[in-house]
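*Asks:* fold the following for me, if possible:
(2 chains)
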Amino acid sequence: MIELLRQAGLNVAPHSKGRILVEHFGLRYPTIDGEVEAVRDISLHVEPGEFVSILGPSGCGKSTLLNALAGFLKPTDGSVSVDGEPISGPGADRGMIFQNYSLFPWKTVVENVEFGLKMAGMGASTRRVAARTLLGLTGLTDFENHYPDRLSGGMKQRVGIVRALATGPRILLLDEPFGALDAQTRLIMQQILTNIWQQLRISVLFVTHDIDEAIFLSDRVYVMTAKPGGVKEVVDIPLARPRDPSVCNADAFITLRGRLMNLIREESLRAMGGEMNADALKGIATNLGGRDLSQVV
Amino acid sequence: MRLVDLETTDKSDIAPAVVEHLEACRPISAQASPAKRWLRMNGQALQTAVLGMISVGLFLLCWQLLTANRVDLYVRFENVPSPADVLASIRREMFTTEFGSHLLVSCRRIFIGFALAAVLAIPGGLIMGRFRLIRAVVFPVTEIMRPIPAIAWVPMSIMLWPTSEESILFITFLGSFFPILINTLHGVDAVDPVLVRAAKCLGAGEIAIFREVYLPSALPQIFTGLTVGMGVAWVSLIAAEMISGQFGIGYFTWQAYSLVQYSDIALGMVTIGVLGLGSSLGLRLLGRMLMPWRAGR
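*Replies:* You can find the predicted model right below:
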């Protein structure tokens, strides 16, 4: 795949690149009621070619960290860097994929994919060839001249992924990218993403609140605490690759799921604070068929 | 690949682009007959057109009945020309050079006044929408000027400009300037900030974001402004011509009243209506050309 992309004139980041380092990252912002601490003392790292997930209840500041890595937020404490360079602003060396796809509605599928190449100054005919090659990888060639609002959610996000890959980023940042998709499509998208990642061996930081998704995709999962967000625990996912969707039924997977569920559950309850106490929740977990409360609320 | 039977499958689930693609891929024999397909696609448009014609026909009939019987129901129709009178007037005047030159003068005034307004108001609105400081400085003045109807500017305009031609152009310009400016401004306000962030992540600089995100995103609103502006431009132009002109279709209409040529009054009105309709139709076509992604709406 890498050879194919290079032949099409695309830039592919070398495997040795893309080391994400977050040290004691904290973010506070002033409000009328005083200072609010969104995240506190997050330290994590993603080695080149690694797939790492951040798992946490909603509102725990998962996106805050991604936004800092993308260059939209400046840390008030600590530092965030990629390959040793502190992040000074947004740039095409870090690809970002959004939950709501964020395709440009006024551009066709192929024009969306071309956008980053156009910004990099690539000529019109060269970038068209390059974009078509990328679309071919995700089976979207037939839809290259459609506008995004004619596509299904899964197709939109496939465009979102190749658009982010077009500029040859060193790292890929995904902010709950499959959160708006139905369960079936989500599984397929997870496989597509894994495929691409395995071949390009690009570093990935993936934000999600879906436990199964985090296990299936990742080498390592950081479980977040509720507000202010921080790292509660780091869980390694030692499942062999390539992973088949049937891995969800493996004992190792089920054990990991149970462990992550407990961690998340504690935080979800803490996040709900005084609204609910442990007694009020007794029996709810079983009524929900064993699903975690954070997935329901 | 799963085969989809287009006749029996519920298509609401599938992305529109996929349905189109599948439809195009079907063998000709399996497709509905051309006439049936045309009817299926255009049935509603056909119905609208027929109803439209009926409504215009009824309007003309009422007009004919009221004027032919010289109805006097507080509102007096005895001096109002009948459709036949107007038709005769059209036959007589339409191809005279005098009427033609009135027409041409008005069109030229609209074109210059409106084009000047668009050229100044669109960039003005974009810049005001983008830069808070410029907006804070300029906005109060525009808010004071905006509620003053362009017609109220007639005496002032005559004092300001050396010739009456220039003052009429100025009034036409003023009429369309503010609707275009305000709508462009709102269009910029409504830009999805996530799209701006997506563009930044793909390496877009300030100018590129302006061109690739703010402008196309605001375009539908800009066209709303242009359409409203065009309407107000005609109102202002006709009023200005009636008051201070020696040429133009507004002057023609007023003159017809002074010269007791009542059927020419209606001719002038009908002509103004047709010109207004034509210019807004032209704008709509231009909009459709510039915004192909909104074709389905």
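*Asks:* other residues contacting the helix or strand encompassing A:Val80?
*Replies:* Following DSSP states H and E, the helix or strand that holds A:Val80 is strand A:77-82. With contact meaning Cβ atoms under 8 Å, 6 or more residues apart in numbering or on different chains, strand A:77-82 is reached by A:18-28, A:40-43, A:65, A:68-69, A:86-87, A:93-94, A:170-171. (Glycine included, C-beta is placed from N, CA and C.)
*Asks:* where do the helices sit along chain A?
*Replies:* A:2-7, A:62-70, A:109-119, A:124-137, A:153-165, A:183-200, A:211-217, A:251-272, A:278-281, A:284-287, A:293-296 (DSSP state H).
*Asks:* need the three-state assignment for B:Leu281.
*Replies:* helix (DSSP: H, G, I helix; E, B strand; the rest coil).
*Asks:* burial count for it?
*Replies:* 10 (other Cβ atoms under 10 Å in any protein chain shown).
*Asks:* circling back to that earlier point, quick one: strands adjacent to the strand holding A:Val80?
*Replies:* strand A:20-31 (antiparallel), strand A:85-86 (antiparallel) (DSSP bridges).
*Asks:* winner for burial among these?
*Replies:* Most buried of these, by mean neighbour count (mean count of other Cβ atoms under 10 Å in any protein chain shown): strand A:20-31, with a mean of 16.
*Asks:* how about the residues of the stretch 151-297 of chain B by chain A?
*Replies:* Proximity of the stretch 151-297 of chain B to chain A (Cβ under 8 Å from any Cβ of the partner chain) is limited to residues B:192, B:194-195, B:197-205, B:208, B:212-213, B:216-217, B:219, B:291-293, B:296.
*Asks:* mean confidence for the strand or helix carrying B:Ser263?
*Replies:* Assigned by DSSP H and E, B:Ser263 belongs to helix B:262-290. Here helix B:262-290 scores 93 as its mean pLDDT.
*Asks:* which other helices and strands does that helix contact?
*Replies:* Secondary-structure packing of helix B:262-290 (3 or more Cβ pairs under 8 Å, 6 or more residues apart in numbering or on different chains; DSSP states H and E): helix B:83-93, helix B:97-130, helix B:215-244, helix B:249-258.
*Asks:* what about it, distance to the chain center?
*Replies:* 9 Å (Cα atoms, centre = their mean, to the nearest Å).
*Asks:* quick one, that helix and helix B:83-93 angle?
*Replies:* If you take axes from the mean of the first three to the mean of the last three Cα atoms, to 10 degrees, helix B:262-290 sits at 80 degrees to helix B:83-93.
*Asks:* so helix B:262-290 versus helix B:97-130, what angle?
*Replies:* Using the same axes, to 10 degrees: helix B:262-290 against helix B:97-130 is 40 degrees.
*Asks:* list the buried residues of helix B:262-290.
*Replies:* B:262-268, B:271-272, B:275-276, B:279-280, B:283, B:287 (16 or more other Cβ atoms under 10 Å in any protein chain shown).
*Asks:* end to end, how far does stretch B:141-149 reach?
*Replies:* End-to-end distance for stretch B:141-149: 15 Å, by Cα to Cα, to the nearest Å.
*Asks:* any idea how far it is from the middle of the chain?
*Replies:* Averaging C-alpha positions (Cα atoms, centre = their mean) puts stretch B:141-149 22 Å from its chain's average.
*Asks:* residue contacts, the closest residue to chain B within the stretch 1-150 of chain A?
*Replies:* Using Cβ to the nearest Cβ, the closest approach of the stretch 1-150 of chain A to chain B is made by A:Ala92 at 3.3 Å. Applying Cβ under 8 Å, 6+ apart, we find A:Ala92 in contact with A:Gly116, A:Met119, A:Ala120, A:Thr167, A:Pro169, B:Cys201, B:Leu202, B:Gly203.
*Asks:* got the contact list for the first one?
*Replies:* Spelled out, that is A:Gly116. A:Ala92, A:Arg163, A:Ala164, A:Ala166, A:Thr167, B:Leu202, B:Gly203.
*Asks:* same thing with the third one?
*Replies:* Taking Cβ under 8 Å, 6+ apart, we find A:Ala120 in contact with A:Ala92, A:Thr167, B:Gly203.
*Asks:* ok, and the closest non-adjacent residue to the first one?
*Replies:* Think A:Ala92. Nearest residue to A:Ala92 in three dimensions, chain neighbours excluded: B:Gly203, at 3.3 Å (Cβ to Cβ, 6 or more residues apart in numbering or on different chains).
*Asks:* low-confidence ranges in chain B?
*Replies:* B:1-14, B:19-32, B:296-297 (pLDDT under 70).
*Asks:* now the helix holding B:Ser263 against helix B:249-258, angle please.
*Replies:* If you take the same axes, to 10 degrees, helix B:262-290 sits at 160 degrees to helix B:249-258.
*Asks:* if we can go back for a sec, chain A: which of the buried residues of helix B:262-290 is nearest?
*Replies:* B:Gly287 (12.6 Å).
*Asks:* contacts only, for that closest one.
*Replies:* B:Leu219, B:Pro220, B:Phe223, B:Leu226 are the contacts of B:Gly287 under Cβ under 8 Å, 6+ apart.
*Asks:* residues near the third one, how many?
*Replies:* Residues contacting B:Phe223 under the criterion other Cβ under 10 Å number 22.
*Asks:* so it touches B:Leu283, yeah?
*Replies:* Yes. Using Cβ atoms under 8 Å, B:Phe223 is in contact with B:Leu283, at 6.8 Å.
*Asks:* before we move on, the earlier item: reformat the helices of chain A as TSV; add mean pLDDT.
*Replies:* Listed next are the helices of chain A as TSV, based on pLDDT from 0 to 100:
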stretch	mean pLDDT
helix A:2-7	81
helix A:62-70	89
helix A:109-119	95
helix A:124-137	91
helix A:153-165	94
helix A:183-200	91
helix A:211-217	95
helix A:251-272	87
helix A:278-281	56
helix A:284-287	48
helix A:293-296	48
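*Asks:* stretch B:124-141 and chain A in contact?
*Replies:* No. Legend: contact between stretch B:124-141 and chain A by Cβ under 8 Å from any Cβ is lacking; minimum distance shown is 15.4 Å.
*Asks:* and the contacts of that stretch?
*Replies:* Outside stretch B:124-141, the residues within contact range by Cβ under 8 Å, 6+ apart are B:180-189, B:210, B:214-215, B:218, B:222, B:225.
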